[in-house]
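Participant: sequence plus the predicted model coming up.
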4 protein chains.
Amino acid sequence: MLKLNFHPAGRHFLQIPGPSPVPDRILRAVSYPTIDHRGPEFGALGLKVLAGIKSIFKTEHPVIIYPASGTGAWEAALSNTLSPGDTVLMFETGHFATLWKKMAESLGVKPEFLGLPGIEGWRRGVQADMIEARLRADARHVIKAVCVVHNETSTGVTSNIAAVRKAIDAAGHPALLLVDTISGLASADYQHDAWGVDVTVSGSQKGLMLPPGLSFNALSAKAIEASKTAKLPRSFWDWTEIIEMNKAGYWPYTPSTNLLYGLSEALDMILDEGLENVFLRHQRLAEACRRAVRAWGLEIQCADSTVYSPVLTGVMMPDGIDADAVRKKIYERFNMSLGAGLGKMKGRMFRIGHLGDCNDLMLMATLTGCEMGLKLSGVPVAASGVSAAMDYLASHTIPLAVKAAA
Amino acid sequence: MLKLNFHPAGRHFLQIPGPSPVPDRILRAVSYPTIDHRGPEFGALGLKVLAGIKSIFKTEHPVIIYPASGTGAWEAALSNTLSPGDTVLMFETGHFATLWKKMAESLGVKPEFLGLPGIEGWRRGVQADMIEARLRADARHVIKAVCVVHNETSTGVTSNIAAVRKAIDAAGHPALLLVDTISGLASADYQHDAWGVDVTVSGSQKGLMLPPGLSFNALSAKAIEASKTAKLPRSFWDWTEIIEMNKAGYWPYTPSTNLLYGLSEALDMILDEGLENVFLRHQRLAEACRRAVRAWGLEIQCADSTVYSPVLTGVMMPDGIDADAVRKKIYERFNMSLGAGLGKMKGRMFRIGHLGDCNDLMLMATLTGCEMGLKLSGVPVAASGVSAAMDYLASHTIPLAVKAAA
Amino acid sequence: MLKLNFHPAGRHFLQIPGPSPVPDRILRAVSYPTIDHRGPEFGALGLKVLAGIKSIFKTEHPVIIYPASGTGAWEAALSNTLSPGDTVLMFETGHFATLWKKMAESLGVKPEFLGLPGIEGWRRGVQADMIEARLRADARHVIKAVCVVHNETSTGVTSNIAAVRKAIDAAGHPALLLVDTISGLASADYQHDAWGVDVTVSGSQKGLMLPPGLSFNALSAKAIEASKTAKLPRSFWDWTEIIEMNKAGYWPYTPSTNLLYGLSEALDMILDEGLENVFLRHQRLAEACRRAVRAWGLEIQCADSTVYSPVLTGVMMPDGIDADAVRKKIYERFNMSLGAGLGKMKGRMFRIGHLGDCNDLMLMATLTGCEMGLKLSGVPVAASGVSAAMDYLASHTIPLAVKAAA
Amino acid sequence: MLKLNFHPAGRHFLQIPGPSPVPDRILRAVSYPTIDHRGPEFGALGLKVLAGIKSIFKTEHPVIIYPASGTGAWEAALSNTLSPGDTVLMFETGHFATLWKKMAESLGVKPEFLGLPGIEGWRRGVQADMIEARLRADARHVIKAVCVVHNETSTGVTSNIAAVRKAIDAAGHPALLLVDTISGLASADYQHDAWGVDVTVSGSQKGLMLPPGLSFNALSAKAIEASKTAKLPRSFWDWTEIIEMNKAGYWPYTPSTNLLYGLSEALDMILDEGLENVFLRHQRLAEACRRAVRAWGLEIQCADSTVYSPVLTGVMMPDGIDADAVRKKIYERFNMSLGAGLGKMKGRMFRIGHLGDCNDLMLMATLTGCEMGLKLSGVPVAASGVSAAMDYLASHTIPLAVKAAA
């Protein structure tokens, strides 16, 4: 019989940028007995999570909850709003933006991929001015949607979505704005309605602190209108019937009951801490992490300090160092999982996740593992990043018990 | 704070034909800490469940495990094998066959819907001779696939899939055979390879005793070949990359880690009991249930005794009785959920699930709840179905501890 | 590796008179991370359960919660109130009263054991008039305490504790009244203060629906006073320091943190249902069970209908039938555990538990298992007890959702 | 409704010297459905844990498992072997030795309390030569037992038990040797048989990684013999009947079923890692911790480097610093629980637990919390203890995956 966990003694440190460590409260909620998804208890659960998730997206419009992992919600966003052959403008912010573009091609949509040269786009996020220029040039409105990633999980760069909205408006262009914040939601501030996003895509296993298996589409009235004429074939992902049945707390097909239990618990936890407090906590931990990286004398992948991600930090390795060998060393010696460099950054960086149910000492444990692992891997380390992070955390307080009600 | 369960005191009896009651062992496995889906522990888990699930489908070919509920696996079967405008032959066995047909239309496929008149098809299952006749008439091989439901969850009728295969072969027709056994797998015998099925669709929340959220496509070499030229747009559901990455135990996108823990445990439980023993247990419970229905003087929805479902039993109400009112009465008085009549059978029947982690006394509890509820609802009851079921169970033994190793 | 549960498929029916089936909510609470028993979170938990448990005993006085199983609380009641060589008056109501007497002897106390002849005391409970007579005869007040069992787990007889109090008072005797309601608490009405009990002993694994491992002493002012001069050596069981530290929610030594989590959850469940509703539910289920036994033509162990236990029913076997063979048959064939006859009743009866988190269909499952098992064991069965129980349950309602607040 | 855990976001660090952090595997095992403690499944569980626990104590003799917390096992050791008025020789190693002595007095035994002057005994552990001298002086063998603490939880000093045995033998004295290793078992090497111990007392919530609620007496033939004439009253704690019933895997009264599930899992974990590997892991972590304390320029409570505890480290505060204020600061700012100074050391030290399911990064998190907290509390810190600990851990390897089988 395979043991379900064969980590060595002590707690494994799961410091990848998602799945984030699932809190015990949520794991226990997930293990609650499965009920009839057509019965009255389920309806009450459904109504609760459908209402609660809106507050996380900061939207008054419907949020679709799919019993499927995040990649599916990417597909849903495209297939509900576009028709075969439609042109979409995407921006190369990193590996996941690239995968989304590849998906668009698979679905029969024509993506145009804007970006900065080399890996610059992977270090600076979306350039709203480039989008504006491209849209201004599209006098015939061939472009049907602009697709951008809010928090690039592959790089640790968070793009300015409000600026993209302004760019579209400045260009007077009718394109829809589709945004992926799979790894940003509930960790970095996100305002679906205020920022004028038409479809926001997200997933469960990041800031929401759930196991993977749920994903989301937050909608706008314009997106719903677009779905009425969009011709890409779809059934499982189709919004129409889901929106209709969600009104009573149900789904047209079997929802992922046990993960919805978990979502209910996650919403209680987040709203109890206070969503803005959650964001402040993430920012503080991220700053401590960056101070460690700088003390080590290593480069942060994100080259623009105005768009540092509060979710994860990409750490670039000096020439000649294989980042994956460093990660392997840390994994084997210190029982900690870090994120690999992906795509163009493969072997050149590793990623430290500090999202979800994370706190000061979890981050410090992570940084000590990194610091020991860097040294053991022969990476020249200028000074103790751990000390730098401790200095920051000790001198910058967020009261631990700030509550929403306070 | 919403309580996750507000059933009254004592255990709720979840006797719908899926989700089936999830055993404690599986709920606990599902609550195991989420791990890195790119790390070595996950790879070992992946390889185990991918190997184990093949033994349940009785296949040597790849089985795709989707992090999505069963309806998605329907879409996957169609979109991987068909092109826009393709004709498929489907058979009306009940509500779910009808929904699958509706999905095919949404995806741009042209379903031809064979069936018996009125509700006869809903009571007798697939008629292989009708399929054979239709295929013989299709000299130009316009029909690309035959789609049938193995165990109709809406009726309690199990169709003869081997006969459908023979019908296709007898007609010398190259159509693919796509089969839905979402509610049949691991409860009723199913032989993907021996029966010559090209794609079998299934889900987690029935015989596999898991919460909803995983679904399956078992493939044949012919199906994989067909996927290379199939033109329906697809990305999330696409088999190619999944098959490739599954070789090492991984998935191209984030899998549903915690439900895979549950699958690992479910496989241990089923293979420990012995798959054939599981089937015998289901048959025995189903026969006891049917004896109760007959004793009550009520009609079993399945009108052909050779295709009784071992998974569920549909109970038809006399004229003038609203089956949903009976169900509601039983729910409120006896804390038990039964399945509703669906589609053409709405209000005319209810469905008793006796699948998955079910045993003699769980069935007897169910039947006492039904018998009391029928009487309280004014349904004339000829004799005690409970007594009839007890007589059968007491006189027909399956040794409780028969093990695979024995 | 030993599997922790090797019952065959489906849920095991644990119908012994304790441990009772532990609800999922409580099992999950019990698995919450252990915390510092000297920290502020623990103090809040401690205060909550110490307050809540008083409402269950219906007392304003301290209730001691021991991190030990129920037998320990017996010892605590004796060793805190008595001195070596003290005489106590005990009444033979069954096996557990006999064990308590044996314990008293082991501790150096001199028990005098009143009782009816033969097994009559095991069928009729405490005879208050016999106690009164004996106390009247004790002019010198040699007897220091009267010890009786409220709900005899070995017989299904519930004694009238208020009557014992009246007997003591009528005799004008200063003896303390010590009562064991290990299996009665939270299932049968119990009024520590109103009935003038000095020490009530109870445990966690019965009406409180917890796993075994906690036990209780509810005190009176008189008992606390007595403890100041009682000379039996004691340390672990000593009340003094516990009472003092409990004021802030703590214990002098390490408490059973995880079972206290469970107790917190159990209190929420019981007080949410309403304690009086819990009693009504138990009475109704017990009556249904007795109707089944009578229909079978078997004798109920309790021979006095005014003291039937709502917790369990003892079923006597006809001459020539080995009750343990019947139990074994039921266990092996129907995956259900029943209680054995104990002491004088060994092999002559079995006991059906219908306590704690029990409801109509759980009881009915139990009765079907009994009825089938009796027939398979060759016990002559006059009529269907299952039918009799169904008739009663269907015609006698307690609204399932009656809440304390309502 | 009281939330069972109101720690702020992220994992709480429970770094007290017990309860130690309970691993998820064990918490899940503890939540398994309670079964009949008289049924065959329970017997198999009982036999497994009774055999397994012997290997942890390194004994061939019976080990009693009590459904009670550790303090109870102290009482059991005394009351099974001694008679009222017996003299016992105890050694003042710290707060818990003092509590045990107080208990002996409560039970009517006469303890003679050896010790070094002032707090020296609290810093150096048992002095075997003092015991030998005292026993030599006891020509009439008035002393019936020598009672010592193996690992003083209040100080972080581990005494040399083999040396105590040698001292007794050298004195040619027949006294029994009773040892408390409540916090040492399964963390520090312990050899019940080889060291000639007569009764070893231990508990569940330390090296065994369980919640509190189980405790142990490991016996010798001589101890069992002594119990036959020992006159202290006892019933719950009495060994005789337990030893007899344990032969078949059962207990005379209701055992703590769910904690025994946990023990079964803990035994699997420990024996899978390898008991000697567990000890090496503890030693390595303890040495890293001590290097941190020394780097800070603080004094380690244990003044004799040959008896440093691998379980916990006592950290003495400079004059003028209230250790409890430091602990409170760390608790509030960094969500970590540390142990308080107890008895003579109250306010003068805090204790860092590094026992049970602990690993490198959990220790490093702990040390960063301490270092930040010390600075914030105004404690002069000479150098970074965190850096010193990292240096040690990075340069001293125990392969993480060493398994018993390897």
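Facilitator: Cool, got the structure. Residues are numbered from 1 along each chain as shown, chains lettered A, B, ... in the order given.
Participant: going by C-alpha atoms from here, please, whenever you check contacts or count neighbours.
Facilitator: Noted.
Participant: where does the stretch 1-150 of chain A dip in pLDDT?
Facilitator: Within the stretch 1-150 of chain A, the stretches with pLDDT under 70 are A:1-7.
Participant: near chain C, which residues of it show up?
Facilitator: Residues of the stretch 1-150 of chain A found near chain C, taking CA under 8 Å from any CA of the partner chain as the criterion, are A:24-25, A:28, A:32-33.
Participant: could you dump those residues into CSV with neighbour count and distance to chain B added?
Facilitator: Output for the residues of the stretch 1-150 of chain A next to chain C, formatted as CSV (neighbours: other CA atoms under 10 Å in any protein chain shown; distance: CA to the nearest CA, whole Å):
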residue, neighbour count, distance to chain B
A:Asp24, 17, 8
A:Arg25, 18, 10
A:Arg28, 24, 6
A:Tyr32, 25, 7
A:Pro33, 22, 7
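Participant: which of these are close to chain D?
Facilitator: Counting by CA under 8 Å from any CA, no member of those is near chain D.
Participant: and the helix or strand hosting A:Ala288, what does it pack onto?
Facilitator: Taking DSSP states H and E as the definition, A:Ala288 sits inside helix A:275-296. Helices and strands touching helix A:275-296, by 3 or more CA pairs under 8 Å, 6 or more residues apart in numbering or on different chains; DSSP states H and E, are strand A:299-300, strand A:312-316, helix A:360-376, helix A:385-395.
Participant: mind checking the pLDDT average for the last one?
Facilitator: Which is helix A:385-395. Taken as a whole, helix A:385-395 has a mean pLDDT of 98.
Participant: helices or strands next to that helix in the packing?
Facilitator: Using 3+ CA pairs under 8 Å, 6+ apart: helix A:385-395 touches helix A:275-296, helix A:360-376, helix D:360-376.
Participant: want to throw these into CSV with mean pLDDT and mean neighbour count?
Facilitator: Shown next, in CSV, are the helices and strands packed on helix A:385-395 (pLDDT from 0 to 100; neighbours: other CA atoms under 10 Å in any protein chain shown):
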stretch, mean pLDDT, mean neighbour count
helix A:275-296, 97, 22
helix A:360-376, 98, 24
helix D:360-376, 98, 24
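Participant: show me where chain A has its helices.
Facilitator: Listed from the start of the chain, chain A has helices (DSSP state H) covering A:24-30, A:40-57, A:70-81, A:95-106, A:121-124, A:128-137, A:161-170, A:221-227, A:239-246, A:257-273, A:275-296, A:323-334, A:360-376, A:385-395.
Participant: tell me which of these sits most buried.
Facilitator: Greatest average neighbour count among the helices of chain A goes to helix A:70-81 (a mean of 26), per mean count of other CA atoms under 10 Å in any protein chain shown.
Participant: contacts for that one?
Facilitator: Outside of helix A:70-81, the residues within contact range by CA atoms under 8 Å, 6 or more residues apart in numbering or on different chains are A:66, A:100, A:103-104, A:107, A:178, A:180, A:182, A:199-204, A:212-217, A:223-224, A:226-227, A:229-234, A:237-239, B:235-236, B:253-254.
Participant: buried ones in stretch A:150-158?
Facilitator: Neighbour-count burial for stretch A:150-158 flags A:150-158 (criterion: 16 or more other CA atoms under 10 Å in any protein chain shown).
Participant: from B:Glu265, how far off is the residue of the stretch 201-350 of chain A found nearest chain C?
Facilitator: In the stretch 201-350 of chain A, the residue that lies nearest chain C is A:Tyr261 (13.3 Å; CA to the nearest CA). According to CA to CA, to the nearest Å, A:Tyr261 and B:Glu265 sit 21 Å apart.
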